[in-house]
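[1] Generate a structure from the sequence data that follows.
(one chain, ligands or ions: 2)
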Amino acid sequence: METITDTLLERINHYVEERFAPLDPVLARNLAAAESAGLPQINVSAAQGKLLYLLTKLAGAKRVLEIGTLGGFSTTWLARALPARGRVVTLDVNPAHASVAKRSLEGAASGVSIDIRVGDAAESLEHMITQREDPFDVVFIDADKVRYVVYLDLALKLSHPGTLILADNVIRHGLVMDGATTDENARAAQAYNNTIASHPQLESIVLPILRDTVDGLAISIVRQGS
Ligand code: DHB
Ligand code: MG
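    Ligands and ions are numbered 1, 2, ... in the order given. The predicted structure is shown next:
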């Protein structure tokens, strides 16, 4: 049996993506636009995009909140899981990301409105809370790792029982298992994982996500009665 090497991870991911998450022209153009604009290539993989899509469909979601737009690749997968008149609100602090995403997201999911809000995500979330924005059915956290717990606390105020709260990058190639790590993103992931593991309002799990390396997706559901 092969040991788990980076090569094996890539081959498994390729096998799955080829069968279950082939890129259509809109998704391929999305990645090309992000690359040519010089955006960091830290978008979710196609396989993870398909997982986000399926989870959003399973949740029967009509309203999705995304924290961290980047070039809008995951936004496209999330939006496509929504029925007509569905809505995505996606937040990014970087106007360059937002302008690339805006172009790529035009017509990416028919009948779904996609609202890109530029600014500090915590401030945008606070604003939505004070404006009494309707709760979201799915929240996807994929922005600056050090503020994941802050985003979670704010997202909970924009949730209802049954809301699915997802968070990317919570394994960091296994660095989260190292209690002495000084990597600030890994430490933030540890804090996030420990928070959701014992949170009274949440039931949660973390799934490893295979790419060229191993990362993780946290999946939480807001408990009934909370
Ligand atoms: C980084 C951020 C991400 O959201 C990701 O999926 C991978 C890497 C990063 O900042 O390094
Ligand atoms: Mg990510």
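
[2] list the contacts for the spatially most central residue of the chain?
    Centroid-nearest residue in the chain, with CA atoms, centre = their mean: Phe140, separated by 3.9 Å. Shown in contact with Phe140 (CB atoms under 8 Å, 6 or more residues apart in numbering): 52, 64-68, 74, 78, 166-168. Bear in mind the C-beta positions are built from the backbone N, C-alpha and C, glycine included.

[3] Now do the SS call for it.
    For Phe140, the secondary structure call by DSSP: H, G, I helix; E, B strand; the rest coil comes out as strand.

[4] Share the number of residues neighbouring the closest residue to ligand 2 within the chain, please.
    The minimum distance from the chain to ligand 2, using CB to the ion, falls at Asp168 (3.5 Å). Residues near Asp168, counting by other CB atoms under 10 Å, number 25.

[5] burial count for Leu54?
    Count around Leu54 with other CB under 10 Å applied: 13.

[6] and the contacts of Phe140 near ligand 1, which?
    Applying CB under 6 Å from any ligand atom, the subset of the contacts of Phe140 adjacent to ligand 1 comprises Asp168.

[7] Narrow the contacts of Phe140 to those in helices?
    Counting by DSSP state H, the part of the contacts of Phe140 found in helices is 52, 74, 78.

[8] Run through the residues of this protein sitting next to ligand 1.
    42, 142, 168-169.

[9] What subset of these is buried?
    142, 168-169 (16 or more other CB atoms under 10 Å).

[10] which residues of this structure score low on pLDDT?
    1-2 (pLDDT under 70).

[11] Can you report how many residues neighbour Ala109?
    Ala109, neighbours per other CB under 10 Å, totals 20.

[12] Now do the same contact list for the spatially closest residue to it that is not a sequence neighbour.
    Once flanking residues are discounted, Ala109 sits nearest to Ala79: 3.5 Å by CB to CB, 6 or more residues apart in numbering. Applying CB under 8 Å, 6+ apart, we find Ala79 in contact with 64, 86, 88, 105, 108-109, 112, 114.

[13] Secondary structure class of Leu82, three-state.
    Looking at Leu82 with three-state DSSP, the answer is coil.

[14] mind checking how far it is from ligand 1?
    22 Å (CB to the nearest ligand atom, to the nearest Å).

[15] Give the burial count for the closest residue in space to that residue that isn't next to it in sequence, as a bare number.
    Excluding the flanking residues, the one nearest Leu82 by CB to CB, 6+ apart is Val112, at 4.9 Å. When counting by other CB under 10 Å, one arrives at 21 neighbours for Val112.

[16] Surely Val100 is in contact with Ala37?
    Yes - contact criterion CB atoms under 8 Å: Val100 and Ala37 qualify, at 4.7 Å.

[17] Of the two, which one has the most company?
    Val100 (24 against 15).

[18] Spell out which parts of the protein neighbour ligand 2.
    142, 168-169 (CB under 5 Å from the ion).

[19] Next up, phi/psi of Ala108, please.
    Dihedral pair for Ala108: phi -70, psi -20, per degrees, to the nearest 10.

[20] can you pull the contacts of the closest residue to it other than its chain neighbours?
    Once flanking residues are discounted, Ala108 sits nearest to Thr76: 4.6 Å by CB to CB, 6+ apart. Contact partners of Thr76, counting by CB under 8 Å, 6+ apart, are 26-27, 30, 49, 104-105, 108-109.

[21] so which residue of the chain comes closest to ligand 1?
    For the chain, the residue closest to ligand 1 is Ile42, as judged by CB to the nearest ligand atom, at 3.9 Å.
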